[in-house]
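A.B. asks: 3D, please:
(2 chains)
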Amino acid sequence: MSRRSVDVRGRKVELLEQGSGEPLLYLHGHADVHGVAADFQPFHRRLAAAATVIAPAHPGCAGSAELGEGITFDDVLFHYLELLDALKLDRFDLAGHCVGGWLAAELAVRHPERVRSLTLIGACGLFVPGHPIGDIFMHSQPERGTDFRTLRELLFARFDVPAALRLYPDGRGDTEEEVRRYQMLRLGAFIGFKPPYYYNRALAGRLHRARMSALVLWGEHDRMVPRAHGDAYAAGLPKAHLEIVKEAGHAVAIEQPDAAADAAIAFLRRR
Amino acid sequence: MENAVKLYAWHFMAWPYLPPDFDDRYDSGWVTVPNSLFDRQKARGLYQQYIDQLVAADELGFDGMVLNEHHQNIYGLMPSPNLIAAALTQKTKRGKIVILGNLLPLQINPLRVAEEYAMLDNMSDGRLIAGFAPGAGPETFNYDVSSPIAREQFWEAVDLIQRAWTEPGPFAHEGRHYPLRYVNPWPQPTQKPHPEIWIPSSRSTETLIKIAQRGYSYFLSSRSHGSETAKAQVQFAKILADHGQRFNPFRMGILLSTYVAETDEQAKAEAKEGVWYFLKNCLKGHVRREGRQLTFGAGIPYFSVDDFRSYLKFTDPTKPLLGDAEDFDDLVRSGSIIVGSPETVYQRFMDILVHAKAGHLLIQFHMGNMKDALARKSMRLFATEVAPRLRADSAKLFGREFPEMERQLAPEMAK
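C.D. replies: As a prediction, the model looks like this:
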């Protein structure tokens, strides 16, 4: 695994890279590399067996610079186009989790010719009536000052598994992990509140443009982005295949790294 | 006594009819507290009672009445303080009407606030003090406001309103958040160049600099007054000095809560129910560890990353907060709600004044479910037995410490 910084028109972008073969741009979510963890997790490392995984930290996350005042979702999309220019990536596989999945889907409908394949893992971005996306902001406020059980319940199938407790411990955690968590919430607050919460009503009607092969990978018990969103992505994307991972919640790649990696690798080898 | 401390009565207008087992059964008094607990029959006459208490404060000679804005909680039943202010313009004659403040990012267009405040200033014949606040603590949840965007919107809105009150219209505003082709509000405020502007803030350096640059007054939003209050004063004074201004007490206000009765023992006995209702219910979800705090923290990410690092460094999430107080001794230790005889209350207020050097004391008399008669008696005793001494001694204190102090509150007002 290598860690490096890329200069994108004067802005620093931190990225992790591992593997060989075709490039795969991986856009992270909350309970994910850069969103809380400093390094690739077992899922990302396994994915590197099937592609060169390139995982930039979003603007303002981990070591990447903030975009500055007044940033919108559109600014972050353009930031990624500029990063792709800087990396000289013309055509690539694309994967994303949570907010990163939303960004991936929005890139795919705009530039389908550049995206060889699309992997969406517990991706937000769609408005599905009656199935609201969970409020990660409220659950990031502890109960009794120190208790993050409901945050772990939102993100994991079981709140008391070691991975959940390691990434989202009660009380004050490691300062750098607290800061990474905070940075991701701050980005989410900038780009995810208008319209209200982590979706774009127009996206569903645009999915038909993303004609590449797509894998929609969902945790059986995702309480952050309910399963209905996985169904909606699978129905809206022309060549999508929905795969449900058992005994996993929103952080499916953290909770079931092997099952998630098996599904993703098999998909990438098929495409 | 031109240099005497200004004393204001602040009413939060709490919902006073929660069931006795509220604390056991409900997580929060904020945002998620079910409004099925709002009893429409019991609510009849409640606003009238609260408004009448403020009218009584005006008649007792307080320098003003303070209102603020809250949404979807039992802490304050004033989603629109401007409506209460409008009633006060018609029922009071002399005191200032302080709105602290309208939450600007909740407005579709902040010109609405420029207009309503100008109306209130006219209706009160120039008695409005115009407070502006960014909100977006609980408003993250109850109004789906993005807290970091709200901070950006806030200062654009403040500057637009001041410009709308001082620059001849129509003019165009080329703002990022509120671009407007014709800014030309009718009416204009009565006070020239505009009503005094107060901005509440904790101790954010960034905010204090913006307050200083604009010549506004700083209201320290804290319910406890230990050494932090003195630090805030020193910090603000230094920032003013950096901007070529000199601190005077009338650039700063603080909130105090009090209950005054004939003796210390009587005060504790009479205040107990209201104070504990306030601490356990109204502060649940705000400054109490029990339940889920919804007013600041990582889920409300308006701090810059650097500020968040200092927040992590200087706060301890296991430490009790004001609402965790268990007895009157805890309250004394936290330098918060002051309960006692006129002598005790005078002493404690003077102690705070010596350290805080704040010229505006915004005083909460009604707490939680306090009975009307008790709140009124406490205000009356304060006005007759505490206020005269505070005014006399604060004038001496401020005169000694700030000999060059001008009568004017802010440099822009002296023009």
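
A.B. asks: could you pull up the residues touching residue 142?
C.D. replies: By default, I'm working from chain A. Residues counted as contacts of A:P142 (CB atoms under 8 Å, 6 or more residues apart in numbering or on different chains) are A:148, A:151, A:170, B:292-293, B:297, B:317. Quick note: C-beta positions are derived from backbone N, CA and C, even for glycine.

A.B. asks: sorry, should have said chain B
C.D. replies: Contact analysis of B:N142 by CB under 8 Å, 6+ apart lists B:30-31, B:71-73.

A.B. asks: which residue, neighbours along the chain excluded, lies closest to it?
C.D. replies: Leaving out its chain neighbours, the residue that sits closest to B:N142 by CB to CB, 6 or more residues apart in numbering or on different chains is B:Q72, at 4.1 Å.

A.B. asks: wait, isn't that neighbour in contact with B:G29?
C.D. replies: No: if you go by CB atoms under 8 Å, B:Q72 and B:G29 don't touch, sitting 10.2 Å apart.

A.B. asks: compare those two (neighbour count), which wins?
C.D. replies: Shown here are B:Q72 and B:G29; by other CB atoms under 10 Å in any protein chain shown, B:G29 has more neighbours (27 against 16).

A.B. asks: per-residue confidence at that one?
C.D. replies: On pLDDT, B:G29 comes in at 96.

A.B. asks: who touches the closest residue to A:R270 other than its chain neighbours in this structure?
C.D. replies: Take A:R270 and drop its neighbours on the chain: the residue closest to it by CB to CB, 6+ apart is A:S213, 7.4 Å away. Each residue near A:S213 by CB under 8 Å, 6+ apart is listed here: A:117-118, A:239, A:241, A:267, A:270-271.

A.B. asks: so what does the longest helix belonging to chain A touch, helix or strand wise?
C.D. replies: When chain A is parsed with DSSP state H, its longest helix is helix A:175-191. Where contact means 3 or more CB pairs under 8 Å, 6 or more residues apart in numbering or on different chains; DSSP states H and E, helix A:175-191 is packed against helix A:73-87, helix A:99-110, helix A:136-139, helix B:147-166, helix B:305-314.

A.B. asks: if we can go back for a sec, quick one: which of the contacts of B:N142 is most hemmed in?
C.D. replies: B:W30 (27 neighbours).

A.B. asks: burial check on the nearest residue to that one once chain neighbours are set aside, number of neighbours?
C.D. replies: Leaving out its chain neighbours, the residue that sits closest to B:W30 by CB to CB, 6+ apart is B:G285, at 3.3 Å. Residues contacting B:G285 under the criterion other CB under 10 Å number 28.

A.B. asks: ok, B:G285 - contacts?
C.D. replies: Going by CB under 8 Å, 6+ apart, B:G285 touches B:27-33, B:73, B:138, B:291-295.

A.B. asks: tell me which helix or strand the residue of chain B most remote from its centre sits in.
C.D. replies: Within chain B, B:R181 marks the point farthest from the mean C-alpha position, 33.5 Å out by CA atoms, centre = their mean. Assigned by DSSP states H and E, B:R181 falls within strand B:180-183.

A.B. asks: please name every helix or strand in contact with the helix or strand following that strand.
C.D. replies: As assigned by DSSP H and E, the chain's next helix or strand after strand B:180-183 is strand B:197-201. Packing partners of strand B:197-201 (3+ CB pairs under 8 Å, 6+ apart): strand B:96-103, strand B:128-133, helix B:147-166, helix B:205-214, strand B:217-220.

A.B. asks: apply 6 Å and report the result again.
C.D. replies: With contacts taken as 3 or more CB pairs under 6 Å, 6 or more residues apart in numbering or on different chains; DSSP states H and E, strand B:197-201 sits against strand B:128-133, strand B:217-220.

A.B. asks: would you mind listing what in the stretch 301-415 of chain B touches chain A?
C.D. replies: B:301, B:308, B:312, B:317 (CB under 6 Å from any CB of the partner chain).

A.B. asks: now with 7 Å?
C.D. replies: Proximity of the stretch 301-415 of chain B to chain A (CB under 7 Å from any CB of the partner chain) is limited to residues B:301, B:305, B:308-309, B:312, B:317-318.

A.B. asks: of these - the most surrounded one?
C.D. replies: That'd be B:P301 among these, by other CB under 10 Å, with 25 neighbours.

A.B. asks: roughly how far apart are that one and B:K272?
C.D. replies: B:P301 sits 38 Å away from B:K272, going by CB to CB, to the nearest Å.

A.B. asks: repeat for B:V260
C.D. replies: B:V260 is 14 Å from B:K272, by CB to CB.

A.B. asks: so which of the two has more stuff around it?
C.D. replies: Set B:V260 next to B:K272 and count neighbours by other CB under 10 Å: B:V260 wins out with 28 against 14.

A.B. asks: next up, phi/psi of that one, please.
C.D. replies: Torsion angles at B:V260 (phi, psi; degrees, to the nearest 10) stand at phi -110, psi 130.

A.B. asks: how about the contacts made by it?
C.D. replies: Shown in contact with B:V260 (CB atoms under 7 Å, 6 or more residues apart in numbering or on different chains): B:267, B:342, B:345, B:378, B:381-382, B:386.

A.B. asks: what about the nearest residue to it once chain neighbours are set aside, neighbour count?
C.D. replies: If the residues on either side of it in the chain are set aside, B:V260 comes closest to B:L381, at 4.3 Å by CB to CB, 6+ apart. As a burial measure, B:L381 scores 20 neighbours (other CB under 10 Å).

A.B. asks: I'd like the next helix or strand past the helix or strand hosting B:L381.
C.D. replies: If you go by DSSP H and E, B:L381 is part of helix B:372-381. Using DSSP H and E, the helix or strand that follows helix B:372-381 in sequence is helix B:387-401.

A.B. asks: do you know how far the nearest residue to B:L111 once chain neighbours are set aside is from B:A164?
C.D. replies: In this structure, B:L111 finds its nearest non-sequential neighbour in B:P185, 5.9 Å apart by CB to CB, 6+ apart. According to CB to CB, B:P185 and B:A164 sit 5 Å apart.

A.B. asks: cool, A:A50 as well?
C.D. replies: 60 Å.

A.B. asks: ok, back up a step: between the contacts of B:G285, which is closest to chain A?
C.D. replies: Distance to chain A, by CB to the nearest CB, is smallest for B:R292 among these, at 4.8 Å.
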